[in-house]
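> Take this sequence and fold it.
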Amino acid sequence: MMTNLFSSFDPSTIYLSLNWLSLMLMVLLAPSMFWLTPSRLNFFWIKISFVLHKEFKVLTSSSKMKGSTLIFISLFWLILVNNFMGLFPYIFTSTSHMMITLSLALPLWLTFMIKGWVENTFHMFAHLVPQGTPPVLMPFMVCIETISNIIRPGTLAIRLSANMIAGHLLLTLLGNIGPSLNLPQLNILIILQILLLMLEMAVSIIQSYVFTVLTVLYSSEV
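Next up is the predicted model:
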């Protein structure tokens, strides 16, 4: 019985503080796809990566960033796998923590900003004032654009972690009321849990895609 509803998101509560090892579980699963006979899983992996590569290539649309789509594809798979790992029983959801999501968003955003201000300084200054802004509103637009630019890594991290926490909390809350229900109500609860689990799988895919696409868009601005 959990003493705190949020204890399942505390990495120091169970399993001798080894919960962060869930980040490494994919290392045990991925290598077999590369040196064994090609399987359907390998074909699926390559197909999705190729589709993402074509889409990210269109979004970046820069000849100076050749090979950058590989970074974003790796980021997508890392987030997606960890989101799915959190749906299995007794596996810690690492992407529900700001420690992980901010560690993914902040270095990428900082790299883009340093590259942009060093190599394209005038373009970055011009980007602070949208085209067609009246001269009277320019100081305010500079402040607004600066603030919106600074909070980008925070919004990326909070969006991912909040969506992961919300879905898991809903599943936990519904699961805790199971022992107090009779048989017909329990059947309804199981059906709801299955539907919520399918929804959470969709959210895992969508959030990893949104995180990666927004990162690609931020990189294309520099």
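> which other helices and strands contact the helix or strand harbouring Val203?
Applying DSSP states H and E as the criterion places Val203 in helix 183-220. Applying 3 or more C-beta pairs under 8 Å, 6 or more residues apart in numbering; DSSP states H and E, we find helix 183-220 packed against helix 40-60, helix 68-85, helix 98-119, helix 152-176. Heads up, the C-betas are built off the backbone N, CA and C, glycines and all.
> Would you tell me which of those helices gets closest to Ile191?
Evaluated with C-beta to C-beta, the helices and strands packed on helix 183-220 place helix 152-176 nearest to Ile191, the distance being 11.0 Å.
> What residues sit buried inside the closest one?
152-153, 156-157, 159-161, 163-165, 167-168, 171 (16 or more other C-beta atoms under 10 Å).
> What is the burial count for Val81?
Neighbour count for Val81, taken as other C-beta atoms under 10 Å: 19.
> ditto for Phe50
Phe50 has 11 nearby residues by other C-beta under 10 Å.
> go on, the one 10 residues further on?
The burial count assigned to Thr60 is 18, neighbours taken as other C-beta under 10 Å.
> ok so, going back, wait, which of the buried residues of helix 152-176 is closest to Ile46?
Closest to Ile46, out of all of these and judged by C-beta to C-beta, is Leu160, at 25.4 Å.
> just for the protein, where's the confidence low?
1-20, 27, 29-37, 61-65 (pLDDT under 70).
> ok, so what distance separates the closest residue to Thr101 other than its chain neighbours from Glu145?
The shortest distance from Thr101 to any non-neighbouring residue, by C-beta to C-beta, 6 or more residues apart in numbering, is to Ala157 (3.8 Å). Ala157 sits 20 Å away from Glu145, going by C-beta to C-beta, to the nearest Å.
> Kindly report the same for Gly67.
Per C-beta to C-beta, Gly67 is found 30 Å from Glu145.
> Who has more neighbours out of the two?
Each of Gly67 and Glu145 has its neighbours counted (other C-beta under 10 Å); Glu145 has more, 15 against 6.
> Is it correct that that one is in contact with Met124?
No. Contact criterion C-beta atoms under 8 Å: Glu145 and Met124 do not qualify, at 10.4 Å.
> What residues sit buried inside the helix holding Val203?
Buried, per 16+ other C-beta under 10 Å, within helix 183-220: 196, 200, 203-204, 207-208, 211-213, 215-216, 218-220.
> between those, which is nearest Val136?
Compare each of the buried residues of helix 183-220 with Val136 using C-beta to C-beta and the shortest gap goes to Tyr218, at 28.9 Å.
> who touches that closest one in this structure?
108-109, 112, 152 (C-beta atoms under 8 Å, 6 or more residues apart in numbering).
> In JSON lines: the residues you listed, plus distance to Ser180.
Output for the contacts of Tyr218, formatted as JSON lines (distance: C-beta to C-beta, whole Å):
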{"residue": "Leu108", "distance to Ser180": "46"}
{"residue": "Trp109", "distance to Ser180": "46"}
{"residue": "Phe112", "distance to Ser180": "51"}
{"residue": "Arg152", "distance to Ser180": "44"}
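> between those residues, which is closest to Pro134?
Arg152 (25.6 Å).
> Leu183 versus that closest one, what's the distance?
Distance of Arg152 to Leu183, computed by C-beta to C-beta: 50 Å.
> Please consider this matter closed, and thank you.
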